[in-house]
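> predicted model follows, preceded by the sequence.
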Amino acid sequence: MDEELERLKPLLDAVAGKDELDLIASLLAAEDDLQWLTERLADALRD
Amino acid sequence: MRFEIEANPTGGLRIIHEIPDVGPICQIEGRNGVGKSMALRILELCTGTQPYAAADADSWASLRRQLGAVVVVRALNLAEGQSVEWRLNPAVWPERPKAVSGWLGTATIDGRTSTLEEAQGLIRVIHHSGELTLEGTIRARITRDRSAVRAVLDRFTQRERRIGEQLDLLRRDLERADFDQVRTLQSAVDVAREQAAEAVRVVELVRGQHGSLERALVLREQQARVAGDVPKLEERERELNKQVDVARERVRDVEAKYEEMRTRRRRDEAIIQEIEKVESLLKGRTKRAENARVRAVDLAAQSRLPAESNDVAQALAAVRKERDEVVRARDLVDATPRVRQLVEEVAARLTTQRAQALDDQVIARLDDTAVSVRGLREGVERRRLEFKDYQPEPPAAALEARIKTLTQRASLLSTLEEALEKARSAQQLVEQAQSQLTSLTSQLPADEATEYRQIDEQLDKVRNEHLNLVEQRALIRGQITEIVGGGREEGARELADLLGALGCAAGELESVLADRARELTDRLREQAVASAALTDAQRQVRLARAEFDQAVAILESGDEYGWLRSEGVTLPSSTLADDENGRRLKRLKTVVQSLEERFDSARDALRGLDGGLAAWEGPERLSDRSTVYGTAARNYYEAVFGREFSGREILDAIFDRGEFGRLDLEAMAVSWKTAEGELRTRPLAAFSSGERAFAYTRTRLQAIEQRAKNTVVALDEFGAYLARDRLRQLVEFLEKDILGAIADEVMIVLPLSRDYELELEGTRGSWHDEISRRVAELQERGYFVRAPDWVTV
């Protein structure tokens, strides 16, 4: 997880669910926006 | 560790240029305003922490403006002999204080280019100011956290915007590709078609009744005329027959006189022979013109129209127009006649010799199957046989009957139109012959010419009289035919049948017809509404279908969705059935909507947290404290600071060696239980500055979570608040609990609190030498740096 986000995690835990935190963390860590989006859609379609 | 700062500040800004390496704990003592704190802020900035809060925009702007064009900062003598150098360009820094990122400048580690993050992993300077109150400490912590949340929110929003554009585009394309909607609209078309057909059926039923009533009225009138008018007309016809005979006799008499005159004259002369020839021609033409005129008048009387071309043309156009409308209505109900007609046309084309010569050639492809000319002909022929016994279903049958009636009427009017044209042409020929005859007789000697002209005039007169009488008789005959129609008895029978079917008496026909006319108007209005509804439903299904097909095509091969075509993402395809494509699009839409909702939730959480922190950062947004996010932030900080204030050292130092109760963030007060069990509550502002600074320092240092390979803690502005015994207590705490565990080096910044020059005279030996060096350094640069000596404090 992003260092800054990691530090804020206890605070974010108080207001956001795991889904939202995962989304924020994975988006901030992504190297390519569209590739990230494609992978997310593919994951969701598989579920 | 040793730190150097090369800068050329302007506008009164001052920065100390060096912090030498004097050991793990050092004190920086100097005059106010020489730039000790500014140097620490710059070191803090270089090592990844923004020291200015959002509210400090003016101070930040001033720093940017006065710091100079290029600033070089060095951290030397780090662990393992490493060093870091930063090159800063304040001119390109953001206008408002933002979390540190690439805008800061560049960094090198041991002379090699590195990233700012790598440099931050190697050295970190944590700057604490002792001038804060306990309340200020809490607010500063909230401010710092909010700044970090805003930085995360900025990064999240930036990336979300780029992704959101794609998601938005995709969602819009998916929303318009709704196969369920296509199916629903198609069902609506089917329903609308049935309703339109039913409306047509009802209209035709009423129209049929209306037509029967009209026919019955016509027949009733006809029967009345048969009984009343026809005998008179027949009497008139008989009179005209006699008059025609008399007129014809007169014509013959004049013609005999004419003959006698020609006999008397020079029959052998060429001119006379020519006159005889033209006269004979005129006689024949007159007869033919008379016959044509009689036929036209007869047909006009049967058609109940004047024997005038314009009237007939208008009536014919109206009948044809009505027939076209009824054909269209019939086609709406039953397309079979049109299909049958098309089949007949195609069959005729395929049975020609030229087509049969191409029997083995491919004329069409159905999916992967090639169809030959022969195959198509045989298939079309089979279809033609299917239509052989076709019978239209009601209400199409009623429409067919109406079409037949209108076709017969159009045929009668067309025949009448031709008869009028023939009569006009025949009359032209008569006039030509008459003109020719006048020309010939004028060539005779005067007395003969006069005689011929007189005879001709007489002949013309009696012939016209005869023609008028014949026309009158034809008109009477036509009227009788029109009245009697198929026969006197047949008309009476048809009227009786119609009255029986309609269930009314002959005398009620007008009132029943008026009722039916009103009903027909209502039904026609309903039919128009149903027809418009059908057209609209068909238009909607066409649009939805086109949207669906377009979405399938664009997702399958559009450039804008190249990024989406990857393994794992099941997209629609033009090779798949509509149902399957519909399912795929629906699934993809659900997934996109779910992802958008998660984006919304994540964004709301970050924005909400930013608002919740802002509520506690200062007094400006008090109303936000009661929101969900404000309450969550309060609970969080009360728990965090509650834990920090529960440390044994703090309990011993400021909470009567007791037990910490809780922090009330709203009241900015703490409660605790003394060692004797007494419950106490006290506002944070009520603690003394020494208590506050000590508690703050202990709390903050113990709260440090992030360490770098080389971590430096700088405690700023402590001398003004800490009593001597407290500072000694603090240094002992630093040596025991902080060095090694939390930081590698601690800097304590102190104001110049003594007059070293004055003390110089009273000192001897090595201490005198030390004081002398301090005086020299103070004179040269306004500060000095040493390991702690407790003489100073």
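Perfect, I can see it now.

> can you name the element that comes right after the helix or strand hosting B:Ile476?
Assigned by DSSP states H and E, B:Ile476 belongs to helix B:446-484. Moving toward the C-terminus from helix B:446-484, the next helix or strand (DSSP H and E) is helix B:488-502.

> what mean pLDDT does that following helix get?
Averaged across helix B:488-502, pLDDT comes to 88.

> and if you look at stretch B:86-105?
Averaged across stretch B:86-105, the pLDDT comes to 90.

> so which bits of whichever strand or helix holds B:Met261 are buried?
Assigned by DSSP H and E, B:Met261 belongs to helix B:229-264. Within helix B:229-264, the residues scored as buried using 16 or more other Cβ atoms under 10 Å in any protein chain shown are B:230, B:233, B:236-237, B:240, B:243-244, B:247-248, B:250-251, B:254-255, B:258, B:262. Where you see a C-beta, it was placed from the backbone N, CA and C, and this is true even at glycine.

> just to revisit the earlier point, run through the neighbouring helices and strands of the helix holding B:Ile476.
helix B:179-227, helix B:229-264, helix B:270-302, helix B:396-441 (3 or more Cβ pairs under 8 Å, 6 or more residues apart in numbering or on different chains; DSSP states H and E).

> one more time with 6 Å
If contacts are counted by 3 or more Cβ pairs under 6 Å, 6 or more residues apart in numbering or on different chains; DSSP states H and E, helix B:446-484 sits against helix B:179-227, helix B:229-264, helix B:270-302.

> B:Val312 belongs to a helix?
Yes. Membership of B:Val312 in a helix is supported by DSSP: H, G, I helix; E, B strand; the rest coil.

> give me every residue that touches it.
B:Val312 makes contact with B:305, B:413, B:416-417, according to Cβ atoms under 6 Å, 6 or more residues apart in numbering or on different chains.

> and it, how far from B:Gly558?
Here B:Val312 is placed at a distance of 62 Å from B:Gly558 (Cβ to Cβ, to the nearest Å).

> cool, B:Arg607 as well?
34 Å.

> show me the one of the helices and strands packed on helix B:446-484 that comes nearest chain A.
Closest approach to chain A among the helices and strands packed on helix B:446-484 (Cβ to the nearest Cβ): helix B:179-227, 17.7 Å.

> now residue 19. Nearest residue, chain neighbours left out?
Assuming you mean chain A. B:Arg598 (5.9 Å; Cβ to Cβ, 6 or more residues apart in numbering or on different chains).

> look at chain B instead
B:Phe3 (4.3 Å).

> list phi and psi for that neighbour.
Per-residue torsions, B:Phe3: phi -130, psi 140 (degrees, to the nearest 10).

> so what pLDDT did the residue nearest to A:Asp19 get?
You'll see B:Arg598 listed with a pLDDT of 92.

> swap in B:Gln702?
66.

> in which helix or strand would I find the residue of chain A found nearest chain B?
Nearest residue of chain A to chain B: A:Ala42, at 3.1 Å (Cβ to the nearest Cβ). If you go by DSSP H and E, A:Ala42 is part of helix A:33-46.

> is it correct that B:Glu29 falls within a strand?
Yes. Secondary structure assignment places B:Glu29 in a strand (three-state DSSP).

> look at the residue nearest to it when sequence neighbours are not counted and say how many residues are nearby.
Leaving aside its chain neighbours, B:Glu29 sits nearest to B:Leu750 (4.6 Å; criterion: Cβ to Cβ, 6+ apart). By other Cβ atoms under 10 Å in any protein chain shown, the residues close to B:Leu750 number 22.
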